[in-house]
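Below: sequence and its predicted model.
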Amino acid sequence: MIARESRRRFLRETGALVAFFSLPCPRAQSQGASKALPGSLKGSPYLDAWIRIDREGKVTLFTGKAELGQGIKTALLQLAAEELAVPLERIELVTADTALTPNEGYTSGSRSMQDSGTAIRHAAAQVRALLVAQAAQRLGVSAESLSVSMGSIHALDGRTLQYGELVAGQVLHVQAEERSAFVEPGKRVIAGKSLRRVDIPAKVAGGVAYVHDLRFPGMVHARIVRPPSASATLVALDASEVERMPTVLKVVRDGRFIGVIAEREYECIRAARSLAARAKWEESASLPPRAHLYDALLRLPAEDHVIAESAAASPAGGKQVRAEYRRPYQMHAAIGPSCAVAELKDGKYTVWTHSQGVYPLRDALAELLAVPKEAVRCIHAEGSGCYGHNGADDVAADAALLARSLPGRPVRVQWMREDEHAWEPFGAAMVSRANAVLDASGTVAQFEYEVWSNTHSTRPGKAGNLLAGLHVAKSFEPPAPRPIPQPEGGGDRNAIPLYAFPGVRVVHRFIPQMPLRVSALRGLGAYMNVFSLESFMDELTLAAGADPVEYRLRHLRDARGREVIRLAAEKFGWSTWQRRPRAGRGFAFARYKNLAGYLALAMEVEVGRDTGAVQISRVVAAADSGEIVNPDGLRNQIEGGIVQSASWTLSEEVAFDDTRITSRDWAAYPILRFPAVPRSIEVHLVDRPGQPFLGTGEVAQGPTAACIANALADATGMRVRELPFSPPRLRRLFAAG
Amino acid sequence: MITLKVNGREVSVDADPATPLLYVLRDHLKLNGAKFGCGLGQCGACTVMLDSEAVFSCVVPVSAVGKRAVKTVEGLGTPENPGPLQQAFIEEQAAQCGYCIAGMIMRAQALLERSPSPTEDDIRAALAPNLCRCGTHMRILRAVKRASDKGSA
């Protein structure tokens, strides 16, 4: 009974049973965009695009951002509850849905708090002010004399009006103002507190929590039979035997796109295996030589973008330091393979998806299916871990194409493990080169940095961004890859050092041609660039005979950056650290994108020279993400980022031969398991009440890699510049001395 | 028809005997806790208990279950009335995406039933078969400790 209630709530939130609002549609509201409005109010300026209150006083909050397990639902509810003076439990939150919510693009780039959090805080404060003004008029008193609590407005004489009594007509259908009167920081009781996440109880007790858990009446299961490699062509497919299986409803073939639909999930998997065994493919050796991957990348044509340049005189006879760093292809590798449910009914598609961008996906699906955008509705439902552009959009396209062949039946597609490993878009392989000249005191006088990279976004938008779009007979051309411009950057994200170096030249050598399909992986180029720059800072520190913390502070003017560096060093006990055998310590710092959250890390590692294993014994982090809405949520994100980046850095590399991706399961693509994760992680937060939200989701990826590299160098005297620092690689390096 | 005892209830399912237990739990019995992760026994997202043992339900044919009692995360409590180990996960906020968590809880439950006061190294070793991709490991360790005799002492 209880489970049924939570299922009903889930379905309502995800739109399955939702009663459509009779209020103005979001598309109409997205007109009249204003540049000056804060956060995502710019694109959706009407207050009732974000907050609606019915006559019973029930509050519904709308966001175009999606819960990815980062806790955004809870943080947004906290902001709205605080400013509206309504208990959090009384607010229903509707997330990314093309029929209901504002279009906030992608839930990516650590931008949800800046975009949606800012919009919702302003909208909630302005809704409260509007309702107070209404009440003042109704009661014939001044607005200043009224107080607000628990969704009611109270006059000094004891008269009370509920919000529900004040929302007649279109009172909230007004454009937002640029400024809002927020609850003062000292008086906040909900925002800024470590409230427990609203999504966790269902996740620990088998509630309906994921798109994978959706079960609709009449729903059927489907699997895709992918080609064995990206350039493989289908020579022959004998589907007749599989089509005759009594459990099989349909085999769909369109060019290289092959799907099978069955009533039951396991029967579907068996049918897909049979089908795969009956498909003949012709493959070609089209992948770069893995043993010489980086040389192959450097040989590809590149477009040069000079993204920073300031001249300074070169000191005569200054010491010069050079280094080259390398990063392989790496995976998102969510634990649950991508999944979607799609239904075609009365000429309209509904797609339940864990895509990061329901609106861009809708546009791509409409192109793929050759229907108007209005005929496709995409509703976000949570997936397994989202760390960037994974298979979510692709599997939604698979489901929609199969639903087209079976109208009236919701079709659930879940990828198999090998589909996810072999077909998700990877994080790009990259090469960087740094070169610096020091003056007589060891301070940096000139600094040059070059980074070679593919694009870091091939997200939809277009049908050519979807795997199925590439595989159908009338295939779609993938849009030409483009670099993501500064200041956020893609391959060049965080390529410009935040340090005050007198002479700087930074060049992004953008490689359009993609030997392997790549897209956004948490942090994009920042993972590689911060790994490179902060490794290099330690190489310079060594050349200057300085201390890593002092050397960073010597070059950094940014006051907030200096504060997190000092805090991490102090909490770690940097100045009193005692060297032990086989142990080393490292330090690293970055401000994500040079405009989002700050993170400084200090770390101790122990290195097994015989095993090649690096065990992180202790990590101390200090972070400044602006004003904090949920401190525990922030810590959870940073801890998770540190562990995930440690896994990338210590073990992860996509393997392939000249034809196929060979990392097709967890044995061929190992990630950190419990015994190898850090022994302890402490996260210290600097709160900045009243300052803008800076975003936290990706701050740890780069600093963690560099911090491990620096601690490894400190422990062994060996500087490793090629990722990952896997035991076999380290054993080879140690053996070579 | 195959008869199973799942979370204390006898159920009969019409499934091919070779069907892995995972699909019977999810598809026939409409339980959400056990998750498909790899189908290869490599990641632990599908972990359930057979009597006192934690197993990968994705590689156990339903015909091999026999008389052993199947316990899934639904057998420990509900979102509204979580059991002690589930409550510990909530208190430590030991989830990000949470897809691995039901499997983690079942493997930890099996550990705590045979060893109520595990050391941190015991917990790490016991949970080694289960993967978490969000990096929630430190919180998962704290949650298991909290639910153990040592945690509540």
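Thanks, I have the structure now.

Residue B:120 and residue A:213, how far apart?
32 Å (CB to CB, to the nearest Å). Every residue, glycine included, has its C-beta placed from N, CA and C.

Comparing those two, which shows the higher neighbour count?
residue A:213 (21 against 15; other CB atoms under 10 Å in any protein chain shown).

Nearest spatial neighbour of that one, chain-adjacent residues omitted?
residue B:32 (4.4 Å; CB to CB, 6 or more residues apart in numbering or on different chains).

Over to residue A:114?
residue A:693 (5.2 Å).

how much space between that neighbour and chain B?
Between residue A:693 and chain B the computed distance is 19 Å (CB to the nearest CB, to the nearest Å).

Tell me who's in contact with the residue in the stretch 1-150 of chain A that chain B sits nearest to.
Relative to chain B, the nearest point of the stretch 1-150 of chain A is residue A:69 (3.1 Å; CB to the nearest CB). For residue A:69, the contact set (CB atoms under 8 Å, 6 or more residues apart in numbering or on different chains) comprises A:199, A:382, A:385, A:386, B:95, B:96, B:97, B:98, B:134.

before we move on, what about residue A:194?
Counted by CB under 8 Å, 6+ apart, residue A:194 has contacts A:630, A:631, A:632, A:633.

can you check residue A:455 too?
Going by CB under 8 Å, 6+ apart, residue A:455 touches A:428, A:481, A:482, A:483, A:484, A:490, A:491, A:510, A:512, A:514, A:518, A:519.

Buried subset of those residues as a PyMOL selection?
Buried residues among those (16 or more other CB atoms under 10 Å in any protein chain shown), as a PyMOL selection:
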select buried, chain A and resi 428+481+483+484+490+491+510+514+518+519
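
out of the contacts of residue A:455, which one sits closest to chain B?
residue A:519 (17.3 Å).

can you tell me how far that closest one sits from residue A:305?
Taken as CB to CB, the span from residue A:519 to residue A:305 is 19 Å.

ok, now residue A:583?
As judged by CB to CB, residue A:583 and residue A:305 stand 41 Å apart.

Turn the contacts of residue A:455 into TSV, including pLDDT.
Shown next, in TSV, are the contacts of residue A:455 (pLDDT from 0 to 100):
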residue	pLDDT
A:428	98
A:481	95
A:482	94
A:483	95
A:484	95
A:490	98
A:491	98
A:510	98
A:512	98
A:514	96
A:518	98
A:519	98
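
Spatially, and excluding backbone neighbours, which residue is closest to residue 56.
Defaulting to chain A. Counting by CB to CB, 6+ apart, the residue nearest residue A:56 is residue A:164, at 5.2 Å.

right idea, wrong chain: chain B
Nearest non-adjacent residue to residue B:56 (CB to CB, 6+ apart): residue B:41, at 4.0 Å.

got it, and residue A:382?
Excluding its sequence neighbours, the residue lying closest to residue A:382 (CB to CB, 6+ apart) is residue A:210, at 5.1 Å.

repeat for residue A:569
Spatial nearest neighbour of residue A:569, chain neighbours left out: residue A:549 (4.7 Å); criterion: CB to CB, 6+ apart.

list the contacts for residue 128?
I'll assume chain A. Here residue A:128 is in contact with A:83, A:84, A:85, A:148 (CB under 8 Å, 6+ apart).

Sorry, I should have been clearer: chain B.
By CB under 8 Å, 6+ apart, the contact set of residue B:128 is A:673, A:674, A:675.
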